[in-house]
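>>> quick one: sequence plus predicted model below, questions after.
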Amino acid sequence: MDAVFRIESARIIAAVTRIVRDVGIAEELVQDALVSALEQWPSAGVPDNPGAWLTAAAKHRAIDLVRRREVYARKLAEVGRSLEDAAPPEEPDGPEDIGDDLLRLIFTACHPVLSAPARIALTLRLLGGLTTPEIARAFLVPEATVAQRIVRAKRTLAEAGVPFEVPYGQDRAQRLSSVLEVVYLVFNEGYSATAGDDLLRPQLCEDALRLARQLAALMPQEPEVHGLAALLEFQASRTGTRTGRDGRPVLLAEQNRFRWDGRLIRRGFDALQRAGTGPYSVQAAIAACHAKARRYEDTDWATIAALYERLLALTPSPVVALNRAVAVSMARGPEAALELVDELAAGPALRGYHLLPSVRGDLLLRLGRPAEARAEFERAAELTLNERERELLRERAEGL
């Protein structure tokens, strides 16, 4: 039952939302169908197509609800209050609607009217099939906080009257960026956890990658969707080598590239062929440069530095500027990069960002200034909230 529900829940909720036009009500009806299955299947046996059974049960409940609304509306009309808009929308009539319904659900869950944390929680709940405790554990926040975010998100969508539809034109472009951002943030939190005892949270990476693949299948004409999918495929190919057996981080230069997942890398290159020139596509091109290099020494750092220049022009960000400085250090030497990093350090944007002193420590070490490098590694260790990163940074400081 757990496996079936994780696989089918997003499609079922999408189909029911199309009938009732309310994500919160749709999820409750699907939960009712799940309870009914738990009551009936042990004695009657699991049906040949469990997903279809759950979908039909949930849709029957949705249609009953809409009919009750109709009756109520007619009674109100009899006393002079017209509710013409209470008529039910047409019921989905075939499997060809499933893709459209999923797309509508994705755009609804990631609507910009919601805050980023609310979008992430609702997306993981409705489309990732995660429970509230699972989301809370993944992001190291109390269950009550996650539950509140989900409840408020549903209420906000209902109160704002957000339509259950795929937008078009300029509105679609704005909404799509919100959708892609949510998937990107979910993957990043799994790939490099901001806090806690573990560097990686693989389940979040898997959920984000599945969502990116779903989007690419549902929106084949959107280049940036393929750019994001390519980026996540490339990044996911390295997850098995980013930590040692003891869970400690393994730097890129020290990773065993023969253990990178070749299947995911091939999927990444396939998606990259359909990508465009936007920020996710450029990041995917950077990741492709790493994937091509059979050894760390073979990395095309000049191309990576040029790609970061392009990315910085597309999305001016101090974090992107810091990554560009790392690429410049490899392409043109640590001295040129240190100037760029010192400029960033002079501003307030990255003042509490632990990777700034970490990168600066690397550059100082390469320039033969170990005492200054040690101080930077110690500062970075104080700033990070991730225990595994803190251990690595302290070791590097002690080694000097």
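Right, received. Where do you want to start? Residues are numbered from 1 along each chain as shown.
>>> how many other residues sit next to Arg360?
Using other Cβ atoms under 10 Å, Arg360 has 25 other residues around it. All C-beta spots, glycine's among them, are computed from the backbone N, C-alpha and C.
>>> touching, it and Leu340? I think so.
No: counting by Cβ atoms under 8 Å, Leu340 is not a contact partner of Arg360; they are 10.4 Å apart.
>>> in the protein, which helix or strand is least confident?
The weakest-scoring helix or strand in the chain, judged by mean pLDDT, DSSP states H and E, is strand 195-196 (a mean of 64).
>>> contacts for the very next helix or strand once past that one?
Per DSSP states H and E, the first helix or strand lying C-terminal to strand 195-196 is helix 202-218. For helix 202-218, contacts defined as Cβ atoms under 8 Å, 6 or more residues apart in numbering pick out 99, 102-103, 106, 123-124, 127-128, 130, 134, 138, 179-180, 183-184, 186-187, 189-191, 222, 225-226, 228-229, 232-233, 235-236, 239, 271.
>>> buried residues in the helix or strand following helix 202-218?
Where DSSP H and E defines the elements, the next helix or strand beyond helix 202-218 is helix 223-236. For helix 223-236, a neighbour-count test (16 or more other Cβ atoms under 10 Å) marks 223-236 as buried.
>>> any low-confidence regions in the stretch 151-300 of the chain?
193-199 (pLDDT under 70).
>>> what about 80?
Along the stretch 151-300 of the chain, the parts satisfying pLDDT under 80 run over 166-174, 192-201, 203.
>>> tell me where it has helices.
Here the stretch 151-300 of the chain has its helices, by DSSP state H, counting those that start in this stretch, at 169-191, 202-218, 223-236, 262-272, 279-292.
>>> how near is Ile12 to Glu165?
As judged by Cβ to Cβ, to the nearest Å, Ile12 and Glu165 stand 19 Å apart.
>>> contacts for stretch 181-190?
In contact with stretch 181-190 (Cβ under 8 Å, 6+ apart) are residues 109-110, 116, 119-120, 123-124, 128, 138-139, 200-209, 211-212, 215, 228, 232, 235-236, 280.
>>> try it again at 7 Å.
With Cβ atoms under 7 Å, 6 or more residues apart in numbering as the test, stretch 181-190 has contacts from 110, 116, 119-120, 123-124, 139, 200-205, 207-209, 211-212, 228, 232.
>>> three-state assignment of the nearest residue to Ala121 once chain neighbours are set aside?
Nearest residue to Ala121 in three dimensions, chain neighbours excluded: Arg149, at 4.4 Å (Cβ to Cβ, 6 or more residues apart in numbering). Under DSSP: H, G, I helix; E, B strand; the rest coil, Arg149 falls in the helix class.
>>> ok, Arg149 - contacts?
Contact analysis of Arg149 by Cβ under 7 Å, 6+ apart lists 117-118, 121.
>>> of those, which is the most crowded?
Ala121 (30 neighbours).
>>> coming back round to it: of the contacts of stretch 181-190, keep whichever come out buried.
Buried by 16+ other Cβ under 10 Å: 110, 119-120, 123-124, 139, 200-201, 204-205, 207-209, 211-212, 228, 232, out of the contacts of stretch 181-190.
>>> how close does Glu343 sit to Leu307?
For Glu343, the distance to Leu307 - Cβ to Cβ - is 20 Å.
>>> mind listing what Ala57 touches?
By Cβ under 7 Å, 6+ apart, the residues touching Ala57 are 33, 36.
>>> quick check: it vs Ile7, distance?
Ala57 is 16 Å from Ile7, by Cβ to Cβ.
>>> now Met219: closest residue in space, sequence neighbours ignored.
For Met219, ignoring the flanking residues on the chain, the nearest one in space by Cβ to Cβ, 6+ apart is Val225 at 4.9 Å.
>>> got it, and Glu224?
Sequence neighbours aside, Gly278 is the residue nearest to Glu224 in space, at 4.4 Å (criterion: Cβ to Cβ, 6+ apart).
>>> so how many other residues sit close to that neighbour?
Neighbour count of Gly278, defined by other Cβ under 10 Å: 20.
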